[in-house]
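Asker: What follows is a predicted structure for the sequence shown.
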Amino acid sequence: MRLFIALELPEWFRKELVKLRGGVPGARWVWQENMHLTLRFLGQTDGGQADDLAGELGRIDMPSFYIAPSGVGVFESKGDVRALWMGMKPEEPLHDLNAKIERACRRAGFQPESRTFKPHITLARFDGYSNIKRVSRFLERYARFHRESIRISGFSVFSSELRSPAPSYRVEADFPFSDAGLADSPFFDDWVVAAGQAPIRTK
């Protein structure tokens, strides 16, 4: 199956991002339920390698941290826009987590990631390309977009299935940090804990 590692986003935050839609000709907006912050693409992965990866990812730990929106930007090529995205700050803990995940992936036999990690949430893509002038008003309007911070207390492995009109994503495994608490973290909305045992996902 096709896998990637990402941060799940609270529903309230995804709803805020949906409100930004509109005013960009040719934009194909990401569905609310598909919004996430990608940490590492894995691609087609067989069961054995997925099991090896799960073991390596389970060794990752770091203090929970908070991130917040830091304005919008684009990925472009030769002046043509390929995607609109929302940046997140501070970037340092995201880069630290990405580095830990990259090392875990290599230990599990995955090839090194050649692309530079840029923490972002994809808002829209374009069929073909769109001139930068067509998105300039959107970029100006939301250059200083900000909302309440999000607590990050773990990460997830997702599977993806290519469908029309949009891909389908499903959480295959969650990897909480050791200091993640149930009471104040939306990451644990679907978890229960038995005394002396690791959290168990309920749905």
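Answerer: The structure has been received and is ready for your questions.
Asker: can we go C-alpha only for contacts and neighbour counts from here?
Answerer: Will do.
Asker: Val135 reaches Gly26, doesn't it?
Answerer: No. Using Cα atoms under 8 Å, Val135 makes no contact with Gly26, being 9.8 Å away.
Asker: So for the two, which sits in the more crowded spot?
Answerer: Val135 (19 against 15; other Cα atoms under 10 Å).
Asker: where does the protein have low pLDDT?
Answerer: 128-130, 181-203 (pLDDT under 70).
Asker: Would you map the strands across this structure?
Answerer: In the chain, the segments counted as strands under DSSP state E are 2-7, 27-29, 37-44, 65-77, 80-89, 120-131, 150-152, 154-161, 168-176, 191-192, 200-201.
Asker: Any idea which of the ones you listed gets closest to His95?
Answerer: With Cα to Cα as the measure, strand 37-44 is the member of these nearest His95 (8.9 Å).
Asker: Show me what counts as buried in the closest one.
Answerer: For strand 37-44, the neighbour count (16 or more other Cα atoms under 10 Å) marks Leu37, Thr38, Leu39, Arg40, Leu42 as buried.
Asker: Show me the beta-bridge partners of the first one.
Answerer: Note on Leu37: beta-bridge partners Leu7, judged by DSSP bridges.
Asker: looking at it, it is touching Phe117, isn't it?
Answerer: No. Leu37 lies out of contact with Phe117 (Cα under 8 Å); the separation is 11.2 Å.
Asker: quick revisit: out of the buried residues of strand 37-44, which one sits closest to Ala143?
Answerer: Leu37 (18.9 Å).
Asker: May I ask you to name the longest helix in the chain?
Answerer: helix 92-107 (DSSP state H).
Asker: Only the buried residues of that helix, if you could.
Answerer: Within helix 92-107, the residues that qualify as buried are Pro93, Leu94, Leu97, Asn98, Lys100, Ile101, Glu102, Ala104, Cys105, counting by 16+ other Cα under 10 Å.
Asker: Not counting sequence-adjacent ones, nearest residue to the second one?
Answerer: On the basis of Cα to Cα, 6 or more residues apart in numbering, the spatially nearest residue to Leu94 that is not a chain neighbour turns out to be Pro119, at 6.9 Å.
Asker: for the first one, same thing?
Answerer: Counting by Cα to Cα, 6+ apart, Pro93 lies nearest to Phe65, which is 7.2 Å off, once chain neighbours are set aside.
Asker: How many residues are close by that neighbour?
Answerer: 15.
Asker: Tell me who's in contact with Asp174.
Answerer: Contacts for Asp174 (Cα atoms under 8 Å, 6 or more residues apart in numbering) come out as Gly154, Phe155, Ser156, Val157.
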